[in-house]
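Novice: fold the stuff below for me.
(chains A and B)
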Amino acid sequence: MLVLARKPNQSIMIGDDIEIRVVDIKGDQVKIGITAPRSISVHRKEIYEEIQAANIEASKANAETDLENLSKIIVKKKKKDS
Amino acid sequence: MTEQLEINSKPYGKVKVSKDQLISFPGGILGFEDLTKYILLDRNEGPFYWLQSQDVIEVAFVIINPMYFIHDYKLELSSQDFLDVKLMDDKDIEDNLLHYAIVTIPPDDPNKMTANLLGPIIINKAAGLGKQALSLNSNYTVRHNILEELDKSTGGGK
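Specialist: I've put the predicted structure just below:
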């Protein structure tokens, strides 16, 4: 990992199209501004990791999962709504 | 009549599907970035479908349309997400967007099944393209208890 020290309002360029700027520093929190092309998604890392973990857990769906039964339970519950 | 082909699925073994059930996920999904070919399986399991990997049989996801169990669900994504699956405008989205949440079913207590609304799956059914997008709505999580959400819809009334 490349580590660079920046003061507030200083920036880092990644390639020609991505800019990371330190917008503000308050106590132990850094506000970071990101300018990037729309084709590049930018998200907090924990979110990525959360979704990744949830996907992995979900993929372990049993072949024997009784979807038919679960489906009956859901459909029955939903009917109570109307 | 769309061409049929036989594929191998984790839940049902060998099944016949039509070509328009083959969905390409160029970016894969988080945790499974190398798996880019999926099959959308509808086997009359009520609101549930399967997203079956064509590359690795063991990888198969139960999915559900969030609107089924959350009456005020809103799909909030960046416009780039729609462009990534070649949904070019609102009409295209209206005509061809399918969207689902991946369901996690705890084997020891299936009633506690949860749906991931933070990372919904979007599919362009005409183009056969899909991706996992990240919701811009920070109220959504990766674990919404489906039966509890249904209770919320029925309990309150209008």
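Novice: hmm, A:Asp24 and A:Lys7 touching each other?
Specialist: No - using CB atoms under 8 Å, A:Lys7 is not in contact with A:Asp24, being 11.1 Å away. Yep, even glycine has a C-beta here, placed from its N, CA and C like the rest.
Novice: and the strands in the chain?
Specialist: No chain was given, so I picked chain A. A:11-14, A:18-26, A:29-35 (DSSP state E).
Novice: nope, chain B
Specialist: Under DSSP E, chain B gives strands at B:4-9, B:13-18, B:22-24, B:37-45, B:48-53, B:60-64, B:97-104, B:114-124, B:129-132, B:144-145.
Novice: does the second one come close to chain A?
Specialist: Yep, that's strand B:13-18 we're talking about. No - residues of strand B:13-18 contacting chain A under CB under 8 Å from any CB of the partner chain: none, with a closest distance of 8.8 Å.
Novice: what pairs with that strand, parallel or antiparallel?
Specialist: strand B:4-9 (antiparallel) (DSSP bridges).
Novice: in chain A, which ranges drop under the pLDDT threshold?
Specialist: Chain A contains residues with pLDDT under 70 at A:63, A:81-82.
Novice: show the pLDDT at the closest residue to B:Glu3 other than its chain neighbours.
Specialist: Leaving aside its sequence neighbours, B:Glu3 sits nearest to B:Lys19 (CB to CB, 6 or more residues apart in numbering or on different chains; 4.9 Å). B:Lys19 carries a pLDDT value of 93.
Novice: near B:Lys19, how many other residues are there?
Specialist: Number of residues near B:Lys19 (other CB atoms under 10 Å in any protein chain shown) recorded here: 10.
Novice: out of the strands of chain B, which is closest to A:Asn62?
Specialist: strand B:60-64 (9.7 Å; CB to CB).
Novice: what packs against that closest one?
Specialist: helix A:45-59, strand B:48-53, strand B:97-104 (3 or more CB pairs under 8 Å, 6 or more residues apart in numbering or on different chains; DSSP states H and E).
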